[in-house]
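S.K.: with the sequence up front, the predicted model follows.
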Amino acid sequence: MTQFIIGIDVGGTKVAGGLVTRKGKLSQAQVVPTHADKGFEKSLAQITHLIGRLIRAAGGKENVGGIGICAPGPLNPKTGVVLNPPNLPGWRDIELTKLVEKEFGLPAKLENDANAAGLAEVLFGAAVGFKDIFYVTVSTGIGTGIITDGKIYHGKNGIAGEGGHVSIDYRSPYHCGCGTYGCIEALAAGPAMARRARVMLEQEHSLPSVLRDLTHGHSEEISPKLIQEAASKGDRVAKTVLEETGFYLGVWLGGMISLFDPDAIVIGGGVSHIGKPLFDKIRATIPSYTINGFAAQTPVLPAKLRNNVGVYGAASVFLPAGEAAEG
């Protein structure tokens, strides 16, 4: 049996890669800039350069069982085609797995980054021991992955699991990037949190605020991290933003539990690092917004893999469902 799987996580600013054992141990990790603004040829060259380095680090192709790649959608994991991701200019209908297989003579698989992260959390992270989970990543957007019986659910066209673009308020004035009003992404992702804080500060311009102090009055610098910091110091605006964000996520996740009845919900991404205040509000809200009488017992877990989740996720698409992780 080959020793390693190569995991490649393609983002708009960086490409992260690593060697992952079949028991889920990350033995080496490397990062290179994507250079996405320089076009497809340049960014593809960065990816292949990193893969080549990792093959050499593994001691040659004979020690590599495959190359897993995760990338932002839209993409088709069944055909290995990247369709047209907005943060990768020039990447339109790119047969990425075929290009990689031709270059290196190794099997390659492509997966949506949120789907891959959800699978990694089942195999190696917070959801070890669960088979059916709903994975959520909350950062600049909201991505989701549906894992059923330890496998990614793709749907007919390979693009299932876009839960961040489910509207919970079609009358909302907030327009999501997908074109719909009131998507959970438009209401609860990082930019939405910052927007609500700015609006509240503008409406109550005479109100003293830790957020004003932290940003020296430059409200455009407000971020989820600063909101968390201000809330921990008792700032009323920041605490209200966290309460509202947790409420929106709880309403939405109540609906997801009604639909999927998962063993557990796992939440990752930068916003999830806010921790207990956010998770407590989500857990408290869910039971009032679902028909599922067992929802209060559904674990809502913080993701475990954090910074390396993309590499783990990419490698996971080559690993058997349910294979035990190393301690």
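M.R.: Right, received. Where do you want to start?

S.K.: can you show me the strands along this structure?
M.R.: Taking DSSP state E as the criterion, the chain carries its strands at 4-10, 14-21, 26-33, 64-71, 75-76, 81-82, 94-95, 108-112, 133-138, 142-148, 151-152, 264-268, 300-302.

S.K.: could I get these as a markdown table with mean pLDDT?
M.R.: A markdown table is the format used below for these (pLDDT from 0 to 100):
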| stretch | mean pLDDT |
| --- | --- |
| strand 4-10 | 96 |
| strand 14-21 | 94 |
| strand 26-33 | 92 |
| strand 64-71 | 95 |
| strand 75-76 | 90 |
| strand 81-82 | 94 |
| strand 94-95 | 96 |
| strand 108-112 | 95 |
| strand 133-138 | 96 |
| strand 142-148 | 94 |
| strand 151-152 | 92 |
| strand 264-268 | 97 |
| strand 300-302 | 97 |
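
S.K.: so, low pLDDT: which residues of the stretch 101-250 of the chain?
M.R.: Low-confidence segments of the stretch 101-250 of the chain, defined by pLDDT under 70, are absent; every residue clears the threshold.

S.K.: can you give me the helices for it?
M.R.: Along the stretch 101-250 of the chain, the stretches classed as helices by DSSP state H, counting those that start in this stretch are 113-124, 184-188, 190-203, 210-215, 224-232, 236-260.

S.K.: so which of these is nearest residue 160?
M.R.: Each of the helices of the stretch 101-250 of the chain has some distance to residue 160 by C-beta to C-beta; the shortest is helix 113-124, at 8.6 Å. Using the backbone N, CA and C atoms, a C-beta is placed for each residue, glycine as well.

S.K.: which other helices and strands contact that closest one?
M.R.: Using 3 or more C-beta pairs under 8 Å, 6 or more residues apart in numbering; DSSP states H and E as the contact criterion, the elements in contact with helix 113-124 are strand 64-71, strand 133-138, strand 142-148, strand 151-152, strand 264-268, helix 309-316.

S.K.: let me know which of the helices of the stretch 101-250 of the chain is tucked in deepest.
M.R.: Of the helices of the stretch 101-250 of the chain, the one with the most neighbours on average (mean count of other C-beta atoms under 10 Å) is helix 113-124, at a mean of 29.

S.K.: off-centre distance for stretch 251-262?
M.R.: On the basis of C-alpha atoms, centre = their mean, to the nearest Å, stretch 251-262 is displaced by 18 Å from the centre of the chain it belongs to.

S.K.: also stretch 138-155?
M.R.: Averaging C-alpha positions (C-alpha atoms, centre = their mean) puts stretch 138-155 8 Å from its chain's average.

S.K.: about what we covered before: turn the helices of the stretch 101-250 of the chain into TSV, including distance to residue 160.
M.R.: Listed next are the helices of the stretch 101-250 of the chain as TSV, based on distance: least, C-beta to C-beta, whole Å:
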stretch	distance to residue 160
helix 113-124	9
helix 184-188	16
helix 190-203	24
helix 210-215	38
helix 224-232	28
helix 236-260	11
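
S.K.: for those, which one sits closest to residue 2?
M.R.: With C-beta to C-beta as the yardstick, what comes closest out of the helices of the stretch 101-250 of the chain is helix 113-124 (17.2 Å).

S.K.: quick check: angle from that closest one to strand 142-148?
M.R.: For helix 113-124 and strand 142-148, the angle between their directions (axes from the mean of the first three to the mean of the last three C-alpha atoms, to 10 degrees) works out to 50 degrees.

S.K.: ok, back up a step: what's the closest of the helices of the stretch 101-250 of the chain to residue 158?
M.R.: Nearest of these to residue 158, taken as C-beta to C-beta: helix 113-124 at 9.8 Å.

S.K.: how distant is the closest one from the center of its chain?
M.R.: Once both centres are worked out by C-alpha atoms, centre = their mean, helix 113-124 turns out to sit 9 Å from its chain's centre.

S.K.: one step back: turn the strands of the chain into JSON lines, including mean neighbour count and distance to residue 125.
M.R.: Supplementary listing: the strands of the chain in JSON lines, determined by neighbours: other C-beta atoms under 10 Å; distance: least, C-beta to C-beta, whole Å:
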{"stretch": "strand 4-10", "mean neighbour count": "27", "distance to residue 125": "14"}
{"stretch": "strand 14-21", "mean neighbour count": "23", "distance to residue 125": "13"}
{"stretch": "strand 26-33", "mean neighbour count": "14", "distance to residue 125": "12"}
{"stretch": "strand 64-71", "mean neighbour count": "26", "distance to residue 125": "15"}
{"stretch": "strand 75-76", "mean neighbour count": "22", "distance to residue 125": "23"}
{"stretch": "strand 81-82", "mean neighbour count": "20", "distance to residue 125": "25"}
{"stretch": "strand 94-95", "mean neighbour count": "18", "distance to residue 125": "29"}
{"stretch": "strand 108-112", "mean neighbour count": "25", "distance to residue 125": "16"}
{"stretch": "strand 133-138", "mean neighbour count": "28", "distance to residue 125": "10"}
{"stretch": "strand 142-148", "mean neighbour count": "25", "distance to residue 125": "11"}
{"stretch": "strand 151-152", "mean neighbour count": "19", "distance to residue 125": "15"}
{"stretch": "strand 264-268", "mean neighbour count": "25", "distance to residue 125": "7"}
{"stretch": "strand 300-302", "mean neighbour count": "19", "distance to residue 125": "9"}
